[in-house]
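**Q** Have a look at this prediction, sequence included:
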Amino acid sequence: MCVAPARRTTRERSVKCETGRVSSTYEQLALRLRQAFDALSPGADPVLRLSERGDYQANGVMALAKSLGRAPREVAADVVAHLDLEGWAEVEVAGPGFLNLTLTPARLAQQLRELGGDPRLGVEVTPAPATVVIDYSAPNVAKEMHVGHLRSTVIGDALARVFRFAGDEVIARNHVGDWGTPFGMLIEHLVDVGEDEAVASLSMGDLNTFYQAARTTFDADPAFRERSRERVVALQSGDPETRRLWRVLRDQSVAYFTEVYRKLDVTLTPEDVVGESSYNDALDTVVADLAAAGLLEESGGAWCVFPEGFTNRDGERLPLIIKKRDDGYGYAATDLAALRDRVDHLGADALFYVVGAPQAQHLEMVFAVARLAHWLPESVRCEHVVFGNVLGPDHKMLRTRSGESVRLVALIDEAVQRATDALAARAGSPEGPERATLALQIARAAVKYADLSTERSRDYVFDLDRMVSFEGDTGPYLQYAHARQRSILRRAGAQWSYDAAPFALEDPAERHLALGLLGFADATAAVRDSLQPHRLCTYLFDLAQRFTAFYEACPVLSAEGARRDERLALCDLSARTLALGLSLLGIEAPERM
Ligand code: ARG
């Protein structure tokens, strides 16, 4: 039998990556509501939401009434009787049994003052930090990064930032494809063109040309094919010169990927690259342990595991191929070895795989086999962070005119060009090097936000015109909203303070904005719970709109006395929330635009 690997005691910590935060306004109200609901039916969900009517609305009474077989209004009255909102909010029953909650003015003012003095804007550091391993980006050596890698990179990096900010230990794993039969052909091609030439073209990021040329020769020339085959054998048996050439290919590619990450402002470093080849020495053990656990079956000349619940359309069991007869170990064996390494050696409490939808079944089977083999304890949160395709304007897979997949850098460069043009068309926008920096910041915001702001499993259309627009639900719009707030604050100078702000919030637009500001911690918590960065995007967009409505209704700089302090404080909190929120998405918030 396979013995479960020794477990680190740190695993005993909270492992669900739940937030330990209880002090957000929402959480405080939810806590009190849960207590009242519990008194009628333990575990009943109050379904608390921010609301357009009152400040918050609890919609859980109807479901509770149904389960109790009682009239909703009656149950609502009962809940209210059990509800202790002392010092927090007023409650009112509306319609068939909605509970409308209105924060007391004193509490609202206090919450705002606390946010004002808190650089983390209410996001608490988790009391139980988890080790979170995020597998993302993962391009392939000597192959161009495409838009699929863009999505993985952008989503993975946003998650890494959100978890890091919450205080978890994030370990990024860039599982690059740096092993397998194509390397025979790639190395032979490198030999043919000469090392210097190859290095020159790879370091320029000309990966497609290099790969295509190798492929073309491979398809056309039997002698080259033979050499490539021998090269694979030499690579696998550890021939020093072959290994050296392989390393040249890998290092050049990694250097190029690093350039792309820098251009995108992504936190991945070369140290995060732990490619498929890193697990070579662990593959024998994977097979031996699966065999010892009685999980391995021979099928059609390959060694496979057939995890329960995976069948094809005809109801036949699906294999996870661990070892092919002549091809050696496959992708799945490497993923299993990587998973064990992450659990056993990195002490992962959570494993996230930011990988496209086509690999969903592969990953599910890897997870299933790892559980069967007792390599993946129940306590480890393990999730495939799935994402959809990037589509062209024709709603088909995004391709170049000649039908190739689009190079990632080409997309970014084009976004920079659009942003430069947009800036040039704006009166008073900065010029020269400042414009170039700004254009890059806007381009990154455009590309990243468009990717992050839709529910990630859905496809989205890559439409640069819309993405770089300063209007609508876009990254540049949020940057612009922030820059506008900063400009108001610059003009106000130092002549105001939080202490002088009474936060009376007499105008409904002020109150509306204030309630939005209180929700930041909840939005980041939602990202951690759901692994959906769009939850934060939606929040920030909503906040920017609340700010616009406030700014239209409430003059700031021309306001007088304490009211001016109050409105400037709201501007300041809005700007800080947008800047911090954008930074968690990997988007910069320039001071001026
Ligand atoms: N290199 C793979 C590709 O380009 C993605 C790897 C994803 N990560 C993993 N652990 N399988 O499709």
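**A** Perfect, thanks for sending it. Residues are numbered from 1 along each chain as shown.

**Q** what separates the lowest-mean-pLDDT helix or strand in the chain from the chain centre, distance-wise?
**A** Least confident element among the helices and strands of the chain, by mean pLDDT, DSSP states H and E: strand 328-329 (a mean of 85). Offset of strand 328-329 from its chain centre (Cα atoms, centre = their mean, to the nearest Å): 32 Å.

**Q** which residues touch that strand?
**A** For strand 328-329, the external contacting residues (Cβ atoms under 8 Å, 6 or more residues apart in numbering) are 236, 283, 287, 322, 323. The C-beta positions use only the backbone N, C-alpha and C, and glycine is treated the same way.

**Q** who wins for neighbours among those residues?
**A** Of all those, the highest neighbour tally under other Cβ atoms under 10 Å goes to residue 322, namely 23 neighbours.

**Q** Keep only those of the contacts of strand 328-329 that are in strands.
**A** Counting by DSSP state E, the contacts of strand 328-329 place 322, 323 in strands.

**Q** The residue nearest to residue 503 when sequence neighbours are not counted: which element?
**A** Closest residue to residue 503 apart from its sequence neighbours, by Cβ to Cβ, 6 or more residues apart in numbering: residue 109 at 3.7 Å. Using DSSP states H and E, the element containing residue 109 is helix 105-116.

**Q** in that helix, what's buried?
**A** Residues of helix 105-116 classed as buried by neighbour count (16 or more other Cβ atoms under 10 Å): 107, 108, 109, 111, 112, 113, 115, 116.

**Q** and the stretch 351-500 of the chain, which of its residues are near the ligand?
**A** 353, 355 (Cβ under 6 Å from any ligand atom).

**Q** so where is the stretch 351-500 of the chain shaky, pLDDT-wise?
**A** Within the stretch 351-500 of the chain, no stretch falls below the threshold (pLDDT under 70).

**Q** Start from the N-terminal end of it and give the helices.
**A** Remark: helices assigned in the stretch 351-500 of the chain by DSSP state H, counting those that start in this stretch are 360-372, 408-424, 432-452, 464-467, 475-492.

**Q** residue ranges with poor pLDDT in this structure?
**A** For the chain, the stretches with pLDDT under 70 are 1-22, 327.

**Q** how about the helices of the stretch 351-500 of the chain in TSV, adding mean neighbour count?
**A** Output for the helices of the stretch 351-500 of the chain, formatted as TSV (neighbours: other Cβ atoms under 10 Å):
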stretch	mean neighbour count
helix 360-372	19
helix 408-424	18
helix 432-452	21
helix 464-467	17
helix 475-492	20
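
**Q** Distance to residue 123 for those helices - can I get that in TSV?
**A** Formatted as TSV, the helices of the stretch 351-500 of the chain follow (distance: least, Cβ to Cβ, whole Å):
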stretch	distance to residue 123
helix 360-372	30
helix 408-424	30
helix 432-452	18
helix 464-467	28
helix 475-492	18
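
**Q** if we can go back for a sec, which one of the contacts of strand 328-329 is nearest residue 266?
**A** Taking Cβ to Cβ as the measure, residue 266 lies nearest residue 283 of the contacts of strand 328-329, at 29.7 Å.

**Q** Identify the residue nearest the closest one in space, chain neighbours excluded?
**A** Among residues not flanking residue 283 along the chain, residue 329 sits closest, at 4.6 Å (Cβ to Cβ, 6+ apart).

**Q** how near is the one you found to residue 248?
**A** Counting by Cβ to Cβ, to the nearest Å, the separation of residue 329 from residue 248 is 23 Å.

**Q** So if I had to pick from the two, which one is more boxed in?
**A** Comparing residue 329 with residue 248 by other Cβ under 10 Å, the one with more neighbours is residue 329, at 25 against 16.

**Q** any idea which of the buried residues of helix 105-116 is the one closest to residue 151?
**A** residue 115 (33.0 Å).

**Q** residues in contact with the closest one?
**A** 121, 122, 517, 518, 520, 573.

**Q** Need the phi and psi values for the residue of the stretch 1-150 of the chain found nearest the ligand.
**A** Minimum separation of the stretch 1-150 of the chain from the ligand (Cβ to the nearest ligand atom) falls at residue 138, amounting to 3.6 Å. Residue 138 has phi and psi values of phi 50, psi 60 when expressed as degrees, to the nearest 10.

**Q** buried ones in stretch 65-74?
**A** Buried-residue list, stretch 65-74, by 16+ other Cβ under 10 Å: 65, 72.

**Q** where's it relative to the chain centroid, distance-wise?
**A** How far stretch 65-74 lies from its chain's middle: 41 Å, per Cα atoms, centre = their mean.

**Q** who's in contact with it?
**A** Taking Cβ under 8 Å, 6+ apart as the rule, stretch 65-74 contacts 40, 41, 44, 61, 62, 75, 76, 93, 96, 97.

**Q** Cross these against strands and list the overlap.
**A** residue 93.

**Q** and the protein, which of its residues are near the ligand?
**A** Residues of the chain found near the ligand (Cβ under 6 Å from any ligand atom) are 135, 138, 140, 175, 177, 335, 353, 355.

**Q** Among those residues, which pair sits farthest apart?
**A** Taking Cβ to Cβ, the two most distant members of the residues of the chain next to the ligand are 140 and 353; they sit 16.2 Å apart.
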